[in-house]
Structure formats: structure tokens, C-alpha cells
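Colleague: Predicted structure and sequence below. I'll ask about it afterward.
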Amino acid sequence: MAVQLAHLYVTLCLARLFFHVALILGAPLARWAPGGGPDGGVEGKAGAGPKALSALAILVLLIQASAMLVVAGFPGTEGLAYSGMAIWIAVGLPVAELGLGLPSRAEADKWLWRPLDLVMAALSLAVLSA
């Protein structure tokens, strides 16, 4: 069961990663970007600030997905020296994202990103406890 939950977690990381790639490439998704709003963009396209944050988010999501693969014990990850750190990354980042996003009043945060952060935090805790 833990492996299936880890698959779901990694799939959600990849879905979010593809969203941020599309935002950087100019897709009119600024309304749905974390924090919401175009921030200087044109016709729903993200400005420079949200694009920079999306680039950072891509890096964080890659690290999260990789850490979950280590935590779930996928083949080839056994005996890694950083498995303790991977647990903190796989569990801590979604919890931190959830906590940091709670004060936001943007509609996208309220209806998309915070529930997704909550699901990912719950998945990471479920994989860790399995």
C-alpha cells in the first residue's frame, strides 16, 4: 500500500511540476498560480515574479518526488546515506507549503493549492507510517 501512495504522491508532484513549466512557457494560467493573479502579466500570463517562483517550485517538486522515492524504498534507493533527510523533505515540504499558504486569500490558493498540499502532506505521512 505504501508504494501505491508513494506513486500517487510522485504523480501529484509531477502534475504540479508540469503546471509550473506551462506557466513559465507562457500558458495563460496566472489566475491559478499560487498566490493568484497575473502580477504584471498580460491576458492571464504570468509576469516575471511568478515565473521565477515557478522555477523555484520546479526544483522543490523534483526534490520532493525524489525524496518520496527514497522513503518508499523504490529499487535502487536502498542504503542511501540521506534516507533520514529524505523523510524530512518528503514530509516537511508539503507541511511547510500548507502552513505558508494558509494566510493567502487568493481563490486559487483556497480552492486548489491548499487542498492539494493537504492531500500531499497526508500521503507523505501515510507512506512514512506504513
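Modeller: Alright, I've got the coordinates. Numbering: from 1, shown residues only.
Colleague: List the buried residues of stretch 15-33.
Modeller: 16-17, 19-20, 23-24, 29-30, 32-33 (16 or more other Cβ atoms under 10 Å). (C-beta placed from N, C-alpha, C; glycine too.)
Colleague: Show me the helices in the chain, by range?
Modeller: Taking DSSP state H as the criterion, the chain contains helices spanning 2-24, 48-72, 83-101, 107-108, 114-129.
Colleague: who's in contact with the shortest one?
Modeller: If you take Cβ atoms under 8 Å, 6 or more residues apart in numbering as the criterion, helix 107-108 is touched by 31-36.
Colleague: Recalculate using a threshold of 10 Å.
Modeller: Residues external to helix 107-108 that are found in contact with it (Cβ atoms under 10 Å, 6 or more residues apart in numbering): 29-37, 114.
Colleague: quick revisit: could you provide the helices of the chain in JSON lines, with additional columns for mean pLDDT?
Modeller: What follows is those, written out as JSON lines (pLDDT from 0 to 100):
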{"stretch": "helix 2-24", "mean pLDDT": "93"}
{"stretch": "helix 48-72", "mean pLDDT": "88"}
{"stretch": "helix 83-101", "mean pLDDT": "83"}
{"stretch": "helix 107-108", "mean pLDDT": "80"}
{"stretch": "helix 114-129", "mean pLDDT": "90"}
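Colleague: just the contacts of helix 107-108 now: which is nearest S66?
Modeller: Closest to S66 out of the contacts of helix 107-108 is P34 (21.0 Å), distances taken as Cβ to Cβ.
Colleague: Thanks again, I'm all set now.
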